[in-house]
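K.L.:
One predicted model, sequence on top.
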Amino acid sequence: MSNEEQRTEVVLHWWTKAEESLASAQRELEAGANSFAVNRIYYAAFYGVSALLLEKNYSFKKHSGVRSTFHREIIKKGLLDTNFGKCYDRLFEDRQEGDYLELISFESDYVKLRLKECSELLEKLRPLIDSLK
């Protein structure tokens, strides 16, 4: 398998994880597990953005690298509206709070809104990823 074929396979893998995480978030929300839903929503965005960045030959070891490169290479270059950069940041911060701060809870309406925003983000990312065409 060539490096290009291997990269394409990994891009597809990350995209599949994005879709699975979004579906998992919906199930967690329906079960009333809002903090777990927030975690899955963030990871859906993270995997989707990671797939796009890998497609563009960027790879990372930390979430902060994905976040900063997403802003620098996608948002600031106008490939996506700045609202999607703000969305990604909010999802990142929510996940941090939900996973690491005690006594944090999220209202169902808030989680529904974040789920909708993440779904829209993935819809906008998909056409930017040649491997998915």
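P.N.:
Looks like it came in fine. Numbers count the residues shown, from 1 in each chain.

K.L.:
Quick one: list the elements packing against the helix or strand where residue 119 lies.
P.N.:
Secondary structure from DSSP states H and E places residue 119 in helix 108-125. Counting contacts by 3 or more C-beta pairs under 8 Å, 6 or more residues apart in numbering; DSSP states H and E, helix 108-125 packs against helix 3-30, helix 34-55, helix 82-100. Backbone N, C-alpha and C define where each C-beta goes, glycine included.

K.L.:
among those, which is the most enclosed?
P.N.:
Ranked by mean neighbour count, these are led by helix 34-55 with a mean of 24 (mean count of other C-beta atoms under 10 Å).

K.L.:
buried ones in the next helix or strand after it?
P.N.:
Where DSSP H and E defines the elements, the next helix or strand beyond helix 34-55 is helix 63-69. Residues of helix 63-69 classed as buried: 66-67, 69 (neighbour count, 16 or more other C-beta atoms under 10 Å).

K.L.:
Of the residues you listed, which is the nearest to residue 88?
P.N.:
Closest to residue 88 out of the buried residues of helix 63-69 is residue 67 (6.7 Å), distances taken as C-beta to C-beta.

K.L.:
Lovely, talk soon.
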